[in-house]
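One predicted model, sequence on top.
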Amino acid sequence: MSETFSIRRQVEFNHCDAAGIVFYPRYFEMISSLTERFFSDALDFSWASIGLAEGYGTPMGNIEVRFHAPSQLEDWLDLSLQIERIGRSSATFLITCACEGALRFTCKATVVYANIKTGGSEPWPETPRAKMSRYLTASSQN
């Protein structure tokens, strides 16, 4: 059975527009935060250690988001991540955001393991790649 990585965030005033709903670019910041926490907390592969110390990063190669319903000031959002595919140097994340079980957005995002100096992709190191496999969706494992 695959694992799911999750974080919980409350919608703050700085996330909202004048109508008190989340301004959609702020969701992209939440996606970035979820991704950063996933690498750090689930994989023990923090952006600080790989980027500053080793000269690598995981830039976003593609992102597709479908918005289902608005979020409002002080809503508690549950953001979750599973992995659809792990390639040689990329991984496709399936991300959901819900509030009290109601979907707010779904996202499919592909990150690339890249050398910051050259800008070229590199194969995933074995340890984080092995840890990522625990988050592969059940349909990906068949």
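Here it is on my side, so go on.

For the rest of this, base every contact and every neighbour count on C-alpha atoms.
OK.

Dead centre of the protein: give me the residue that sits there.
With distances taken as Cα atoms, centre = their mean, Thr35 lies nearest the centre of the chain, 3.2 Å away.

how about the helices in this protein?
Taking DSSP state H, the helices of the chain run over residues 25-37, 47, 126-132, 138-141.

residue contacts, the residue nearest to the centre of the chain?
Contact analysis of Thr35 by Cα atoms under 8 Å, 6 or more residues apart in numbering lists nothing.

ok so, going back, so which of the helices of the chain gets nearest Ala19?
Closest approach to Ala19 among these is made by helix 25-37 (14.5 Å; Cα to Cα).

which of the helices of the chain is buried the deepest?
helix 47 (a mean of 19; mean count of other Cα atoms under 10 Å).

Not counting sequence-adjacent ones, nearest residue to Gln72?
Ile21 (4.3 Å; Cα to Cα, 6 or more residues apart in numbering).

Distance of the one you found relative to Pro59?
28 Å (Cα to Cα, to the nearest Å).

Looking at the two, which one has more neighbours?
Neighbour count, other Cα atoms under 10 Å: between Ile21 and Pro59, Ile21 has more, with 18 against 15.

Does that one touch Glu74 like I think?
No. Using Cα atoms under 8 Å, Ile21 is not in contact with Glu74; the gap is 9.7 Å.

can you list the weak-confidence ranges in this protein?
Applying pLDDT under 70 to the chain flags the ranges 141-142.

Next, please give the residue ranges for the strands of it.
Assigned by DSSP state E, the chain shows strands spanning 5-10, 56-57, 60-67, 76-86, 90-99, 102-112, 114-115.

Minimum distance to Ala42: which of those strands has it?
strand 5-10 (7.3 Å).

If you count contacts, what does that closest one end up packed against?
Applying 3 or more Cα pairs under 8 Å, 6 or more residues apart in numbering; DSSP states H and E, we find strand 5-10 packed against strand 76-86.

Let's see that with 10 Å instead.
helix 25-37, strand 76-86, strand 90-99 (3 or more Cα pairs under 10 Å, 6 or more residues apart in numbering; DSSP states H and E).

what do Ile21 and Glu74 both touch?
Val11, Glu12, Phe13 (Cα atoms under 10 Å, 6 or more residues apart in numbering).
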